[in-house]
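J.: coords please:
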Amino acid sequence: MTRGNGNSNGSSNGNDIDRLFTVQKPLGPIAVSDSQNVNVLKALYDTRVQLHLRSEDNPPTFIVGRRGSGKTALLLSREFNPENLSVRLSADDAFAGMQAVVREVGASMFLPVEGVARLWGALLWAPIAARLVTSERRPDDPGRAYQILWQETAELRKSADGSADHALDFAAARLMEHMDRAPRIISLESLLNGFRLAERPWNDVVQAARDVLAARRTPVFVLIDSLENIGDHIHDDGSEHTKDIRRILQGLFHLVGKAGQWTAQSPVRIQCCFPSELWPVLNRVSTNPPKDFSGRLMLRWQWRDLLRVVGMRLRIFLARHYPRELRGVGADEHERLLERVLPESLTNSRGVPEKSVPYILRHTQLLPRQVLYIFGEALHQAIVETGGPHIRDKDVVNAVAEAEAVLCPEVFSAHSFRYPHAPDVGRRIIPHLPFRFNDGFLHQMFNYAGIRKNFDLNYVEMREMLTDLGIIGQFTGETEHYLHAEFAYTLDRQMTLSPDKDYCLHPLFVRHYGSPDTLPGAERVKPVYPSGVEVVSL
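T.: Got it, this is the predicted structure:
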């Protein structure tokens, strides 16, 4: 993956967009890459969805969401405003450099969480200083401060070659060299006071960077993406490697939590994103969760915003391949545009009529990646078979069926750190679960499927796992046509099922894993309608 200095304003033209929105992938890529330049990201991202508007009004310190929820896109949208100065770091690369520093410093002196946070804070100024002098110089930049930054970062900039991660590594290496040259350093204060990147004390360079930022009257955003790959490294197994990573996380959380309490005039804003699948573990790693995570934003998508995402991308595709389809549809009329290409209703795989959009959404866990995948597959199939973008009911049904084979394993994969046996447990027990059942029946199927014997899980552990993954949820009522249920992914808290009430099986998993209610003879069983999509009117 390409890493840069955070300035993604590279050249972009219509050809870049054309390469993304093709007949094979009419809605473009379902995942945003941080190597894409800012103009391409703008084409893939709608700044008017509620989650973005909330983040603009009150910039979060932590962006927390499930895999496929758009964490990276929301994080990088900070770069859309040319007035925002940003430094983009990879958590994987940044942690490697910080691990070496923390281990080296911690071997010579007592290093509490506050000390690790101070090391983070000191070293982050290296990519910030380099970014300030590689960005366009402004008339109000104080001359002496700018000159100090230019001189003191000359070797760093040459070594880093535009990479913020490499700039951080360069500073980390210099700090460790400083420790080797001055082995009698006994306090973090003396270490940081004596540290130099070039000729001047590092504190002088940091102050120069602060002076430039003060003159520009704009903060610099340090964007750290993503903590998604650290799950395998934070299990408390007693190893030195795990201890290092946990201390690094604790220091980062402490620094970011403190930064979140700074005033609007603060020169540095740190934003990180991490997967909500790791939230219970990371919450335990933190030494002060209420303070560290007070500025977090939990990504929970509403159905209307998901349709905006699809409609915006559909408009881009149609404008390039089928422009006549856009006639008479306003730029912001996303639902109307979907009505133009989708059948109003369909006959599902069980022979029951349903409205098309609710059918699609109820087979997802309300994640943009999942919704885009299904709509994109249906549109592609329609174009290949008919030569036009008008989706037939069979295209929708087939796309949902094909998507299940991709999306179900992805849900399991996202939770693999906490629940490594979840795919195998799912294959064992879901084939025995109807759409609606009670706690006693689930316990009976737990015993019948041999879950304890084969996976060393007790019943409560299995039920909690299936709940956290959004496979089973709480039955909340029923209508003439549907069973209604609430699932964990719609809540800001961990879901606990009430054993006195019935449970439901999520529609995404029923066909791929062979629920008995999908078999011939069960056509009269009502399908499950998850919470979060019940207000869809299309």
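J.: contacts for stretch 97-108 next, please.
T.: Here stretch 97-108 makes contact (C-beta atoms under 8 Å, 6 or more residues apart in numbering) with 111, 115-116, 119-120, 123, 165, 168-169, 172-173, 175-176, 179, 183, 185-186, 188, 191, 240-241, 244-245, 247-248, 251. Heads up, the C-betas are built off the backbone N, CA and C, glycines and all.
J.: kindly export it (C-alpha atoms) in PDB.
T.: Listed in PDB are the C-alpha atoms of stretch 97-108, where the atom choice follows Å, rounded to 0.1, in the frame of the first residue of the first chain:
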ATOM      1  CA  GLY A  97       8.900   2.300  15.300                       C
ATOM      2  CA  MET A  98       7.300   3.100  18.600                       C
ATOM      3  CA  GLN A  99       7.800  -0.500  19.800                       C
ATOM      4  CA  ALA A 100      11.600  -0.100  19.300                       C
ATOM      5  CA  VAL A 101      11.600   3.200  21.200                       C
ATOM      6  CA  VAL A 102       9.500   2.100  24.100                       C
ATOM      7  CA  ARG A 103      11.500  -1.000  24.600                       C
ATOM      8  CA  GLU A 104      14.800   0.900  24.400                       C
ATOM      9  CA  VAL A 105      13.700   3.700  26.800                       C
ATOM     10  CA  GLY A 106      11.900   1.300  29.100                       C
ATOM     11  CA  ALA A 107      15.000  -0.700  29.600                       C
ATOM     12  CA  SER A 108      16.800   2.300  31.000                       C
END
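J.: skipping adjacent residues, who's closest to the residue most central in space within the chain in space?
T.: With distances taken as C-alpha atoms, centre = their mean, the residue of the chain nearest its centroid is Lys71 (2.9 Å). Using C-beta to C-beta, 6 or more residues apart in numbering and skipping the chain neighbours, the partner closest in space to Lys71 is Cys273 (4.0 Å).
J.: residues contacting that neighbour?
T.: Residues near Cys273 by C-beta under 8 Å, 6+ apart: 62-65, 71-72, 74-75, 224-227.
J.: cross the residues you listed against helices and list the overlap.
T.: Among the contacts of Cys273, the ones falling in helices (DSSP state H) are 71-72, 74-75.
J.: where along the stretch 351-500 of the chain do the helices fall?
T.: Along the stretch 351-500 of the chain, the segments classed as helices by DSSP state H, counting those that start in this stretch run 356-362, 368-386, 393-414, 422-429, 439-448, 451-455, 459-468.
J.: from those, which stretch is densest packed?
T.: Stretch with highest mean neighbour count among the helices of the stretch 351-500 of the chain: helix 356-362 (a mean of 24; mean count of other C-beta atoms under 10 Å).
J.: from the rest of the structure, what touches it?
T.: For helix 356-362, contacts defined as C-beta under 8 Å, 6+ apart pick out 303, 306-307, 338, 342-346, 348, 371, 374-375, 378, 391, 393, 396-397, 400, 507, 527-530, 532-533, 536, 538.
J.: now a PyMOL select for only the buried ones of these.
T.: Paste this into PyMOL to select the buried members of the contacts of helix 356-362, with burial taken from 16 or more other C-beta atoms under 10 Å:
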select buried, resi 303+306+307+338+342+343+346+348+371+374+375+378+391+393+396+397+400+507+527+528+529+530+532+533+536+538
